[in-house]
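A.B. asks: What would the 3D arrangement of this be:
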Amino acid sequence: MRRRTRRMRRRTRRMRRRKKEEVEEAETVVEEAEAETAEAEPVEEEAEAETVEEEAVPEVPEEAELEEPEESFSDPEDFVDDISDEELVGDLLKDQPEEADGIDSVIVVDNVPQVGPDRLEKLRNVIQKIFSKFGKIANEFYPEADGKTKGYIFLEYSSPTCAVDAVKNADGYKLDKQHTFRVNLFTDFDKYMNISDDWEIPEKQPFKDFGNLRHWIEDPDCRDQCSIIYESGDRTAIMWNDIKEPVVIEERARWTETYVRWSPKGTYLTTFHQRGIALWGGEKFKQIQRFSHQGVQLIDFSPCERYMVSFSPLMDTKDDPQAIIIWDVLTGQKKRGFHCESSAHWPIFKWSHDGKFFARMTQDTLSIYEAPSMGLLDKKSLKTCGIKEFSWSPGDNVIAFWVPEDKDIPARVTLMQFPTRQEMRVRNLFNVVDCKLHWQKNGDYLCVKVDRTLKGIQGLVTNFEIFRMREKQVPVDVVEMKEGIIAFAWEPNGSRFAVLHGEVPRISVSFYHVKNNGKIDLIKVFDKQQGNSIFWSPQGQFLVVAGLRSMNGALAFFDTSDCTLMNVAEHYMASDIEWDPTGRYVVTSVSWWSHKVDNAYWMWTFQGRLLQKNTKDRFCQLLWRPRPATLLSQDQLKQIKKDYKKYSKIFEQKDRLSQSKASKELVDKRRRMMEEFHKYRELTTQTYAEQKPQRLELRGGVDTDELDSNVDDWEEETFEFFVTEEIIPVGDQE
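C.D. replies: Next up, the predicted model:
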């Protein structure tokens, strides 16, 4: 290494000397050329001088020309070395190992049990078992005082990476009820000790005003908005839902590359792009936030709209998980990344109703994470062998999951409360083939659809296990079904549910009511129905039984208050059905993504009366904009319903005007004329008041603006008129 360095230095010096000589030689040539030009000697003399010089040069033997003088690498006595090592061997110095004192691999574990010598070996084994998962432990130290450990220990790993991993995963580990580990890097103590006592005021960030993000709720006509994608996804429009025809608010070309989605409360519109996700909102739908996630395909929001989960199959790496990323919606920052092998069962993460927890199911494991730390709850997962499905309650932090049979152990459905992990109810089931979990919207009931096989019976037998979540000890009712189940759906805000059962063409729809006395009554059965899906109104009471896609779009509109069939209709090849948030309108559509012809969306009333047929070129998708939960209490809502008759006349008048486009135009014309009249009247009144001094001057100070002005100056005159009298006798004349 030293020999190589010396040679490089000598070469550098030679290069510098040669460069210097070349510069001096060039300067000499320039000076000679200038001198020759100035002297202007004859060309002949120059030629003779060159001939003389050529003759004076002695001949050199060929062998002498081939011999090169031996190059000397020695430095002159007065040489000063002014070349740094970084200039010579900078590329080698980059890989030079740095000096380290070894404390980067040391962690400090607090809240360790204080034990004596008799239990120290057992404590060492427990610590080794917990912390050896993160890497090889090279050294450990247990400080002692008065014959007991002090309650904290030092562990040294073989590499700093293992130490960082241990801090990340073991901090907050709950050893028992009295001991929860606090783990820190040893280097953090120096960092925190060197923090300045002088507080620096953080730089003030400019406020970004995106306008009123919930402006659409203040619409005076109480209309709802919806998003529409057409022209095979090239155009996206946001529209007001109007009874006569939709009103376009915003329309853009190539707004999204695949599809759009609204956030749960309707605050944001999400668009998909190759490089990531964009959120839009406000009155003009300005871009509010961007999230960089290459090749993103799927997203999901937390119910509180604080977090967003995105999935991309292109970004995952072993060291830096990027397949699933959880984002903070307000700041746009990445909270945590996760690996994901498949997105077949999306969403991978399911959120609790308040957005405080989210859970993920893997093989024999249910992992519950807490926000905003995005870490495992209690630093450990729930080990459940064979877990098949789980679901959060929409009203409480309760998870329901089921486990299939294993030899002599029956299948079971478990209700577990979080964060306490307390089991609220366990239901054992036998001869189970499959289970499906169906929560009622408010979390008042849970229905477990159980498919069984029984001896002597061919095929499957289905039971509904109904859990009453609001009652003590969570009682369970059973509803037996003798036919195959096609669809099941709870009434959103009630205690009724609908079931489609049977086989084509003998399909029936049955309505059940869960009563408070512990009974489940069958209300009514409608036979000979054509349907494979049930769609309840968001407000309950009304529903649509639809035969989508293969069943040619048959529609049946029901009122469950008295169990009547209001109307039967058809939208041929309908692929989707969407209720508006108020439950007044329902849209059926034929998407270009599923069927290439007859692409359109039709709008119906909740009673099944067709209002509009809207045909769009290569129509793809319609989504209603969700509304946030009402701020009114139940008592206030009851009072509004009680006083509805007060406002019914006003509503009916508005409805009549909105039903006719001509009458609407006439009303708008009259309104404009009235506004113009009021403006003209105000202008003339102001001019009349300004001209009053001129009128007084012209009339000698007499105010004649009012009829009863100047009463004292009036003179009373009396006029008498002669009136002719005619006497007509009354009675008999003789």
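A.B. asks: Just the mean pLDDT for stretch 383-392, thanks.
C.D. replies: Computed over stretch 383-392, the mean pLDDT rounds to 93.
A.B. asks: Outside of it itself, list whatever touches it.
C.D. replies: Outside of stretch 383-392, the residues within contact range by CB atoms under 8 Å, 6 or more residues apart in numbering are 350-353, 357, 359, 361, 364-366, 398-404, 406, 435-437, 439. Glycine gets a C-beta too; all of them are placed from N, C-alpha and C.
A.B. asks: In it, which residues are buried?
C.D. replies: Neighbour-count burial for stretch 383-392, counted by 16 or more other CB atoms under 10 Å, picks out 384, 387, 390, 391, 392.
A.B. asks: Restricting the selection to alpha carbons, write it to PDB.
C.D. replies: Coordinates of each C-alpha in stretch 383-392 appear next as PDB, following Å, rounded to 0.1, in the frame of the first residue of the first chain:
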ATOM      1  CA  LYS A 383     -52.500 -17.400  18.300                       C
ATOM      2  CA  THR A 384     -55.600 -19.200  17.000                       C
ATOM      3  CA  CYS A 385     -55.000 -22.500  15.200                       C
ATOM      4  CA  GLY A 386     -57.000 -22.800  12.000                       C
ATOM      5  CA  ILE A 387     -58.700 -19.400  12.100                       C
ATOM      6  CA  LYS A 388     -60.800 -19.000   8.900                       C
ATOM      7  CA  GLU A 389     -62.600 -15.600   9.100                       C
ATOM      8  CA  PHE A 390     -62.900 -12.600  11.400                       C
ATOM      9  CA  SER A 391     -64.900  -9.400  11.500                       C
ATOM     10  CA  TRP A 392     -65.100  -6.300  13.700                       C
END
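A.B. asks: which residues touch the residue positioned nearest the centre of the chain?
C.D. replies: Residue closest to the average C-alpha location in the chain (CA atoms, centre = their mean): residue 308, at 3.3 Å. When contacts are counted by CB under 8 Å, 6+ apart, residue 308 touches 277, 291, 299, 300, 301, 302, 326, 327, 329.
A.B. asks: For ChimeraX, what selects the buried ones among the contacts of stretch 383-392?
C.D. replies: In ChimeraX syntax, the buried subset of those is picked out as below (16+ other CB under 10 Å):
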select :351,352,353,357,359,361,366,398,399,400,401,402,403,404,435,437,439
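A.B. asks: Among the contacts of stretch 383-392, which lie within strands?
C.D. replies: 350-351, 357, 359, 361, 365-366, 398-403, 435-437, 439 (DSSP state E).
A.B. asks: Which parts of the stretch 451-600 of the chain are strands?
C.D. replies: Assigned by DSSP state E, counting those that start in this stretch, the strands in the stretch 451-600 of the chain fall at 461-468, 476-481, 485-490, 496-503, 506-514, 520-529, 533-536, 542-547, 554-559, 564-570, 576-579, 585-590, 600-605.
A.B. asks: nearest to residue 316, of these?
C.D. replies: Residue 316 lies closest to strand 576-579 among the strands of the stretch 451-600 of the chain, at 31.8 Å (CB to CB).
A.B. asks: and the closest one, what does it pack onto?
C.D. replies: Packing contacts for strand 576-579, counted by 3 or more CB pairs under 8 Å, 6 or more residues apart in numbering; DSSP states H and E, involve strand 533-536, strand 585-590, strand 621-624.
A.B. asks: So which of these is the most surrounded?
C.D. replies: Sort those by mean neighbour count, taking mean count of other CB atoms under 10 Å, and strand 585-590 sits at the top with a mean of 24.
A.B. asks: what packs against it?
C.D. replies: When contacts are defined as 3+ CB pairs under 8 Å, 6+ apart, strand 585-590 packs onto strand 576-579, strand 600-605, strand 621-624.
A.B. asks: Partner strands of whatever helix or strand comes next after the second one, with direction?
C.D. replies: Think strand 600-605. Later in the chain than strand 600-605, the nearest helix or strand by DSSP states H and E is strand 610-615. According to DSSP bridges, strand 610-615 forms sheet pairs with strand 600-605 (antiparallel).
A.B. asks: Counting neighbours, which bits of the strand it pairs with end up buried?
C.D. replies: In strand 600-605, counting by 16+ other CB under 10 Å, buried: 600, 601, 602, 603, 604, 605.
A.B. asks: contacting residues around the last one?
C.D. replies: I take that to be residue 605. Applying CB under 8 Å, 6+ apart, we find residue 605 in contact with 584, 585, 586, 611.
A.B. asks: pLDDT score for it?
C.D. replies: With respect to pLDDT, residue 605 has a value of 94.
A.B. asks: how much space between it and residue 564?
C.D. replies: To residue 564, residue 605 is 15 Å away according to CB to CB, to the nearest Å.
A.B. asks: Kindly report the same for the first one.
C.D. replies: Using CB to CB, one gets 29 Å for the distance from residue 600 to residue 564.
A.B. asks: And the fifth one, by the same measure?
C.D. replies: With distances defined as CB to CB, the gap from residue 604 to residue 564 amounts to 17 Å.
A.B. asks: what do you get for residue 17?
C.D. replies: 108 Å.
A.B. asks: Could you give the number of residues near residue 127?
C.D. replies: When neighbours are counted by other CB atoms under 10 Å, residue 127 registers 20.
A.B. asks: Check it and give its pLDDT.
C.D. replies: Residue 127 is given a pLDDT of 93.
A.B. asks: Tell me which helix or strand it sits in.
C.D. replies: Here residue 127 is assigned to helix 117-131, by DSSP H and E.
A.B. asks: Quick check: buried residues in that helix?
C.D. replies: So helix 117-131, judged by 16+ other CB under 10 Å, has buried residues 123, 127, 130, 131.
A.B. asks: can you tell me how far the second one sits from residue 138?
C.D. replies: This means residue 127. 14 Å.
A.B. asks: and what of the last one?
C.D. replies: Plainly put, residue 131 is 12 Å away from residue 138 if you go by CB to CB.
A.B. asks: for the first one, same thing?
C.D. replies: From residue 123 over to residue 138 the distance is 19 Å, taken as CB to CB.
A.B. asks: Kindly report the same for residue 438.
C.D. replies: The value you get for residue 438 to residue 138, if CB to CB is used, is 54 Å.
A.B. asks: Of the two, which one has the most company?
C.D. replies: Neighbours were tallied for residue 438 and for residue 138 using other CB under 10 Å; the higher tally belongs to residue 438 (17 against 14).
A.B. asks: confidence score at the more buried one?
C.D. replies: 96.
A.B. asks: Grab the nearest non-local neighbour of it.
C.D. replies: Leaving aside its sequence neighbours, residue 438 sits nearest to residue 447 (CB to CB, 6 or more residues apart in numbering; 4.3 Å).
A.B. asks: how about the CA coordinates for the host helix or strand of the one you found, as PDB?
C.D. replies: Assignment of secondary structure by DSSP H and E places residue 447 within strand 445-452. Extracted in PDB, the C-alpha atoms of strand 445-452 (Å, rounded to 0.1, in the frame of the first residue of the first chain):
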ATOM      1  CA  TYR A 445     -76.900  -8.400  16.300                       C
ATOM      2  CA  LEU A 446     -74.500 -10.800  14.700                       C
ATOM      3  CA  CYS A 447     -75.700 -13.600  12.400                       C
ATOM      4  CA  VAL A 448     -73.500 -16.600  11.800                       C
ATOM      5  CA  LYS A 449     -74.600 -18.500   8.700                       C
ATOM      6  CA  VAL A 450     -73.600 -22.100   9.400                       C
ATOM      7  CA  ASP A 451     -73.500 -24.800   6.700                       C
ATOM      8  CA  ARG A 452     -73.600 -28.300   8.100                       C
END
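A.B. asks: Nice, that's everything, thank you.
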